Structure formats: structure tokens, C-alpha cells
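# I'd like to go over a predicted model; first the sequence, then the structure.
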Amino acid sequence: MQASVINSINRIRRIIYITYVTLALYASTSIILIAKAQPQPWLSGYPSSSVPSWLDTGSNAWMLTAATLVGLMSIPGLMLFYGGLTRRKYAINTMMMVLYAFSVVLILWMLFEYEMSFGPPLLAVKGFGILGKPAPVLSSSMLDSQADVPLAQQQPNIALPTLVYFQFVFAAITPALIVGALIERMNFKAWMLFVPLWSTLVYGPIAYWLWGGGWLAQLGAVDFSGGYVIHLDAGIAAVIAATMIGPRLDNERKLSPHNLTQVATGLGLLWLGWNGFNGGDPYGVTIDASIAVVNTNLAAAMALLTWLILDVVVYDRPSLTGAASGAVAGLVGITPAAGYVNGLGALIIGLASGAAAWASLNLVQYRLKPLRNIDDATGVFSTHAVPGFLGGILTGMFADPNIAKFIIPGLAGALYGNAYQLFIQLIAALVVVAYSGLMTFLILKLISRITPLKASSMVLRIGDREMHGEVAYDEYAFPIQAEGIEVINGRRKETNSS
């Protein structure tokens with residue numbers, strides 16, 4: 001009798017326990033389902049499909065912001081920077097060259113170049129990616145999908161259009177950087193042909209090799225944000241183009257900035273825009289993004305100070321154009337390394353980049369007789385190719401595994417026992433130099449058979465009024481004067497050249 005009662009009580013206990021567990025599971029499941037069914041309060045005004053489960057809204061917002069910052073580096077950043085460094089009579093032409101590059105690259109990027117640079121491989125040799133498959137990024141199925149770089153095995157939690165636009169602003173600024181070497185003489189029609197050809201045949205493949213998971217990346221080369229893909233690439237193309245186009249007018253060979261306030265404004269947009277340039281390359285809101293931003297500013301400041309000190313020691317006075325060049329050199333130098341090195345590495349790279357760019361510009365590019373005939377007007381080779389090359393090599397030296405683990409676990413430089421990284425960084429740099437130089441030469445050779453690369457002397461004597469039919473400044477207040485010619489309100493008048 002007593003045993004029967006105890007068994008009954010135990011059965012009741014089990015039933016109560018099972019009922020309790022069942023209710024608890026039901027309640028938990030209900031809460032989860034309700035939470036998923038009801039969007040967060042700040043997203044309640046949107047259809048549920050507009051915020052898919054894979055989308056990290058914080059990272060997506062940051063990447064759109066970073067892309068806009070980089071876009072501002074071109075328009076109006078480079079437009080102001082290069083436009084202020086040129087003579088007044090070429091201000092419109094200089095800004096137009098940048099503006100045209102930004103616009104035409106966007107169309108190419110959406111039609112086929114993004115997929116050619118970051119899509120699945122069209123051409124591979126023994127598994128090594130050579131070129132992506134060109135395809136448009138315009139359909140609804142593409143525009144509402146998650147970002148994906150298949151060969152690099154990257155799938156960040158942002159929307160594909162966000163990544164497409166972020167990578168576009170990098171593609172756009174690269175040919176725009178070349179403008180600085182060619183101001184005050186290139187035929188605008190030739191420039192209109194050059195940009196789409198160069199972006200497609202030079203920038204696209206190099207971007208694929210290093211960023212799209214192509215063969216250089218597969219061999220272990222790294223380029224955090226474009227020291228090779230953008231700056232070394234553009235710097236080599238600039239010096240080749242300057243050589244082939246020829247120099248400015250004899251009396252205009254010396255750089256004569258017409259508005260240094262405009263240059264300073266452009267520099268500010270470039271410097272702070274670089275926070276998006278390097279801070280966006282982790283493709284999200286990560287620790288590495290913050291590290292990259294801090295390293296970027298450290299290197300820029302160190303390079304600027306290095307350039308100013310060298311100017312004071314050698315020329316007994318600092319200059320704004322020198323300070324601007326130093327800052328740019330530091331920003332370029334840290335670009336391939338920003339998310340891989342620690343703060344000390346960033347300072348060393350800034351110091352080395354500033355010193356190397358200063359020496360290249362002041363002791364080599366403008367001093368050695370064979371190079372003086374190459375009219376690189378604003379020193380694009382020295383401020384972009386040199387620090388881009390050096391920064392990439394120093395990445396192979398200073399890449400800190402305790403920093404790199406946030407983006408590429410296992411990456412380490414020679415200083416941390418991985419000498420191979422230094423070797424492959426050098427190989428990648430030499431590949432970019434050779435490919436960019438050869439292809440730029442061939443593209444310009446082709447264009448020269450269609451239209452002259454250089455504007456005529458008559459056009460150059462007048463400048464913007466003759467090139468574009470408009471001027472940057474009121475000609476009544478600032479008449480354009482050239483040897484034997486005066487232009488006021490669009491009317492040319494011969495003057496006594498004596």
C-alpha cells in the first residue's frame with residue numbers, strides 16, 4: 001500500500017516536471033519567434049526583407065560612410081589640391097580631368113569592371129586567378145545580395161552595393177592621381193580615351209591580383225588598402241605618361257601654384273578622407289578599423305614633420321607645398337600596412353616614407369640630368385610611387401601578428417620571423433611596376449595614333465578659355481596674359497612681346 005502511494009506521487013512529480021519543461025520550452029520558443037517576427041524598434045518602419053539576417057547594419061553604415069569619405073578625396077579633394085597647385089589659367093582643365101575620371105570610371109565599374117576585379121575567375125592558370133569575369137552589377141538579384149569576393153573567400157556582413165561603391169571610389173581616385181603629373185599640357189581628348197582604357201586594362205587586373213584573391217594574393221602578398229594597387233600603380237603610370245606626352249611650355253616648367261589656400265583645403269579633405277580609405281578596408285566595424293585609422297594619422301603626421309625638418313635643414317625654410325607633400329607621402333606609405341602594423345611600425349613607416357619621398361623629389365627627380373627632362377609636374381612619382389613601394393616592402397618587415405590577427409590571422413612580417421613575407425612583398429611590387437609601366441606605354445602609344453597626346457602651343461598659351469571655353473576667375477579682374485597674347489573676356493589680343 002505504502003509503495004503504491006509513493007509510486008503514484010513519483011508519477012505525478014514526473015508529469016509536473018515534464019509539463020513544466022514543456023511550458024518553459026514553449027515560452028522560450030515563442031519569445032524567440034516573436035522577437036524575430038517583430039523588427040527592432042529602430043527598424044520597425046521597414047519591410048522585414050530590407051534588413052536580412054546577414055546584414056550588420058552598423059558595419060554597412062560605416063562602409064557607406066567610409067566610401068563617401070574616399071569619394072570626397074577625389075571630388076572635391078583632388079580637384080582642389082591639384083587645381084590650386086596649377087597656374088590660374090589651367091585651373092578648370094585640371095579640375096575637369098579629375099571630375100571626368102571619377103564619372104567615367106563609375107559607369108565602367110557598374111557595367112563590368114567590378115566583377116572583373118572582384119568576381120569569380122574568368123581566367124586562371126593552375127588555380128591561380130589572373131582575371132575576373134566581367135559582368136554588370138545592375139540587376140535586382142545582384143543589388144539585394146550579400147557582399148562576396150569568391151576567390152578571396154570573403155563574405156562580409158554588408159550589402160553587395162555597399163562593397164561595389166566602396167571599391168569604386170578607389171578605382172576612381174587611381175587615374176585621378178595621375179593628373180598631377182600631366183597638368184598644364186595634356187590634350188583633354190586624349191585624356192578622355194586614356195582613363196577608360198587604363199582603368200580597364202591596368203587597374204582592374206592589378207586589383208584582382210591583390211584584392212580579388214588573384215595570383216599575387218594566393219602567393220601571400222598583401223596590400224591593406226592600396227599602396228600597390230593604387231599609389232605605386234598610379235605613380236609608375238604618371239611618370240611613363242609624363243615622359244611620352246612631353247614637357248610643359250618652356251617658360252612654365254616650374255611649378256607655380258596659384259592658390260595655396262585651395263591646396264590646404266584639398267589636403268584636409270585628403271587627410272581626413274584617408275580615415276575612410278584605410279579605416280574601411282576591414283569591410284566592417286572592427287578593432288582593426290580603429291587601428292588602421294590611428295596608424296594612418298600617425299604616419300601622416302610623422303612624414304609631414306620629417307619633410308618640414310629636411311626643408312628647414314637644407315633650404316632654411318619650410319613651405320606649405322612641402323608640408324602637403326610630406327603628409328601625402330606618409331598617408332601613401334602607411335596605406336599598404338595600416339591594418340597590419342602596430343603604432344611604432346606606423347611611425348617608422350611615416351618617417352621612412354617622408355624622408356624617401358623628399359629625397360626622391362629634391363635629390364633625384366628634379367636634380368639628376370636624365371630625369372629632369374621628365375616633366376612630372378607635381379612630383380606624383382616621388383609622393384606616390386616611392387612611398388607606395390617602400391610602404392609595401394616595410395609591410396613585409398613590420399606586419400605584427402598581434403594586429404594582423406584581427407583581419408588575416410597568421411600574417412607576420414620578417415621582424416616576427418617570417419622572411420618570406422618580405423620577399424613576396426618585393427615580388428608583388430616589381431610585378432606592379434612592370435605591368436603598369438608596360439601597359440601605360442602601350443595604351444598611350446595607341447591613343448597617339450588617334451589624337452595628339454599634348455595640346456598645341458597656341459592652346460597652352462591661352463589655357464582654359466581655349467581648352468574649355470570658360471575660366472575659373474573673372475578675366476576683367478584677372479586678364480590672362482601669355483607671350484604675345486592677352487585674353488580679356490574671351491577675346492584674344494596680340495600684344496607687343498618686346
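It's in.
# for residue 349, give me its contacts.
Residues in contact with residue 349 (C-beta atoms under 8 Å, 6 or more residues apart in numbering) are 299, 330, 333-334, 337, 341, 390-391, 394, 398. (C-beta placed from N, C-alpha, C; glycine too.)
# just say helix, strand or coil for it.
State at residue 349, reduced to three classes by DSSP: H, G, I helix; E, B strand; the rest coil: helix.
# got any ranges where this protein has weak pLDDT?
1-44, 475-498 (pLDDT under 70).
# can you pull up the most central residue in it?
Among the residues of the chain, the one closest to the centroid is residue 170, at 3.7 Å (C-alpha atoms, centre = their mean).
# how near is it to residue 113?
12 Å (C-beta to C-beta, to the nearest Å).
# which residues of the stretch 101-250 of the chain fall in strands?
For the stretch 101-250 of the chain, strands defined by DSSP state E, counting those that start in this stretch occupy the ranges 121-125, 128-132.
# and the ones you listed, which is most packed in?
strand 128-132 (a mean of 20; mean count of other C-beta atoms under 10 Å).
# Provide the strand pairings for that one, with the direction of each partner.
strand 121-125 (antiparallel) (DSSP bridges).
# isn't residue 235 right up against residue 386?
Yes. Contact criterion C-beta atoms under 8 Å: residue 235 and residue 386 qualify, at 7.2 Å.
# identify the contacts common to the two.
Going by C-beta under 8 Å, 6+ apart, no residue sits against residue 235 while also sitting against residue 386.
# neighbour count: these two, which is higher?
A count of neighbours by other C-beta atoms under 10 Å puts residue 235 above the other of residue 235 and residue 386, at 30 against 26.
# who's the closest spatial neighbour of the more buried one, skipping the chain neighbours?
Counting by C-beta to C-beta, 6 or more residues apart in numbering, residue 385 is the residue found nearest to residue 235 once chain neighbours are left out, at 2.5 Å.
# now that neighbour: how far from residue 411?
Separation of residue 385 from residue 411 (C-beta to C-beta): 24 Å.
# and this protein, what are its domains?
2-43, 57-448, 457-494 (automatic domain parsing).
# which of the ones you listed sits most buried?
domain 57-448 (a mean of 21).
# list the contacts for the closest residue to residue 215 other than its chain neighbours?
Take residue 215 and drop its neighbours on the chain: the residue closest to it by C-beta to C-beta, 6+ apart is residue 128, 3.8 Å away. Residues near residue 128 by C-beta under 8 Å, 6+ apart: 214-215, 218-219.
# check contacts around residue 415.
397-398.
# please apply the same query to the one 5 residues further on.
Listed by C-beta under 8 Å, 6+ apart, the contact set of residue 420 reads residue 220.
# wait, is residue 471 part of a helix?
No. Using three-state DSSP, the secondary structure at residue 471 is coil, not a helix.
# so it is in contact with residue 89, correct?
Yes. Counting by C-beta under 8 Å, residue 471 does reach residue 89; the two are 7.5 Å apart.
# what separation do you get for the nearest residue in space to residue 405 that is not next to it in sequence and residue 388?
Spatial nearest neighbour of residue 405, chain neighbours left out: residue 411 (7.9 Å); criterion: C-beta to C-beta, 6+ apart. Distance of residue 411 to residue 388, given as C-beta to C-beta: 19 Å.
# equivalent analysis for residue 102, please.
With C-beta to C-beta as the criterion, residue 102 and residue 388 are 21 Å apart.
# now do the contacts for residue 372.
Residue 372 touches residue 366, counting by C-beta under 8 Å, 6+ apart.
# let me fix that: residue 439
Contacts of residue 439 (C-beta under 8 Å, 6+ apart): 198, 201-202.
# same thing with residue 265?
Residue 265 neighbours (C-beta under 8 Å, 6+ apart): 80, 84.
# now the helix or strand that contains it, how far from the centre of its chain.
Residue 265 belongs to helix 260-279 when assigned by DSSP states H and E. The chain centre lies 13 Å from the centre of helix 260-279; the measure is C-alpha atoms, centre = their mean, to the nearest Å.
# now stretch 418-432
21 Å.
# hey, C-alpha coordinates of that stretch in PDB?
Provided in PDB are the C-alpha atoms of stretch 418-432 (Å, rounded to 0.1, in the frame of the first residue of the first chain):
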ATOM      1  CA  ASN A 418      58.500  35.400 -41.500                       C
ATOM      2  CA  ALA A 419      61.200  36.400 -44.000                       C
ATOM      3  CA  TYR A 420      59.000  35.100 -46.900                       C
ATOM      4  CA  GLN A 421      56.600  38.000 -46.400                       C
ATOM      5  CA  LEU A 422      59.300  40.500 -47.100                       C
ATOM      6  CA  PHE A 423      60.300  38.500 -50.200                       C
ATOM      7  CA  ILE A 424      56.800  38.200 -51.700                       C
ATOM      8  CA  GLN A 425      56.100  41.900 -51.000                       C
ATOM      9  CA  LEU A 426      59.100  42.800 -53.100                       C
ATOM     10  CA  ILE A 427      58.000  40.400 -55.900                       C
ATOM     11  CA  ALA A 428      54.500  41.900 -55.900                       C
ATOM     12  CA  ALA A 429      55.900  45.500 -56.100                       C
ATOM     13  CA  LEU A 430      58.100  44.600 -59.100                       C
ATOM     14  CA  VAL A 431      55.200  43.000 -60.800                       C
ATOM     15  CA  VAL A 432      53.000  46.100 -60.400                       C
END
